[in-house]
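1. Any chance you can model this:
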Amino acid sequence: MVYVQHVFRAHPEQVFLRYFWLFLWLHSGLEICKVIRLILPKTCKFNTHNQAIFPYKSMCYDLFRSDYLKTGEGWMYLAIVMDLYSRRIVGWSISKRMTTDLICKAMVMAYNIRQPPFGLVFHSDRGSQYTSKRYRKLLSHYGIRASMGDVGACWDNAVVERFFGSLKHDWIFKIAQPTREHMKKDVAVYMRYYNLERLHSANGDQSPINYENSLKKMSGWT
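-> Here you go, the predicted model:
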């Protein structure tokens, strides 16, 4: 595994290496999050055009997850897209129905914010919305490669599960949620707080956006 890490960091310009981690994941028996953390350097110094870039621009691993939020008027469903590299929520959508349209809106928002190149890897669970023809067509249109966790495997989405735990216990459960509209506004406020202010040990005790900005300054990327 040390050799694999060395190869990725010594030869980032070789395009085929971007997909070698998929082979490693399939044949090593390791959880995907461990494989990605092992092989991705903290900063990718250059691409084939010798431009300073960040991992979410070259080999991004995103997590998609939806969850249930209870209000006095009934349930709300929240879908998010997280960039694993910085823990930033780059796309989200909330609705009173769990539909393919809900997750598509979150994906469109994430894509518009990040504008990733073809080949981005996107991980989700095996919900019917994520396997629908419409959603798969959207991913194909964006040049995104779909990835799904094994049945009964909770490790792949552990980071996103932690996000929903924080959203509920640190925010939503602390005040009454009488209406769906109130829930929408409260979730929007939390998203701003989470991305701009909430500190993460994985980011060196920085918020997701501050962490990304610090990397831009270090690499000279604008």
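2. all contacts plus neighbour counts: C-alpha atoms, from now on.
-> OK.
3. Just the buried residues of whichever helix in the chain runs longest, please?
-> When the chain is parsed with DSSP state H, its longest helix is helix 180-196. By neighbour count with 16 or more other Cα atoms under 10 Å, helix 180-196 contains the buried residues 180, 183, 184, 187, 190, 191, 194, 195, 196.
4. Tell me where the model's unsure across the protein.
-> Within the chain, the ranges that satisfy pLDDT under 70 run 1-65, 149-156, 218-222.
5. my guess is residue 200 contacts residue 210, does it?
-> No. Between residue 200 and residue 210 there is no contact under Cα atoms under 8 Å: 10.6 Å.
6. All the strands of this structure, residue numbers only.
-> 61-71, 74-83, 88-95, 121-124, 145-148 (DSSP state E).
7. which residues make contact with stretch 161-179 from outside it?
-> Stretch 161-179 has contacts (Cα atoms under 8 Å, 6 or more residues apart in numbering) with 67, 70, 71, 72, 73, 183, 186, 187, 190.
8. and the closest residue in space to the fifth one that isn't next to it in sequence, backbone torsions?
-> Just to be clear, that refers to residue 73. Spatial nearest neighbour of residue 73, excluding adjacent residues (Cα to Cα, 6 or more residues apart in numbering): residue 179 at 5.4 Å. In terms of degrees, to the nearest 10, the main-chain angles of residue 179 are phi -130, psi 160.
9. Give me the distance between residue 179 and residue 133.
-> Separation of residue 179 from residue 133 (Cα to Cα, to the nearest Å): 33 Å.
10. again, but for residue 217
-> Residue 217 is 41 Å from residue 133, by Cα to Cα.
11. What of residue 201?
-> For residue 201, the distance to residue 133 - Cα to Cα - is 38 Å.
12. Please apply the same query to residue 199.
-> 37 Å.
13. Settle it for me: which of these two has more neighbours?
-> Set residue 199 next to residue 133 and count neighbours by other Cα atoms under 10 Å: residue 199 wins out with 17 against 12.
14. pretty sure that one contacts residue 206?
-> Yes. Here residue 199 lies in contact with residue 206, judged by Cα under 8 Å, at a distance of 4.7 Å.
15. Make sure residue 104 is actually in contact with residue 135.
-> Yes. Residue 104 is within contact range of residue 135, at 6.4 Å (criterion: Cα under 8 Å).
16. Compare the two and say which one has the larger neighbour count.
-> Neighbour count, other Cα under 10 Å: between residue 104 and residue 135, residue 104 has more, with 22 against 18.
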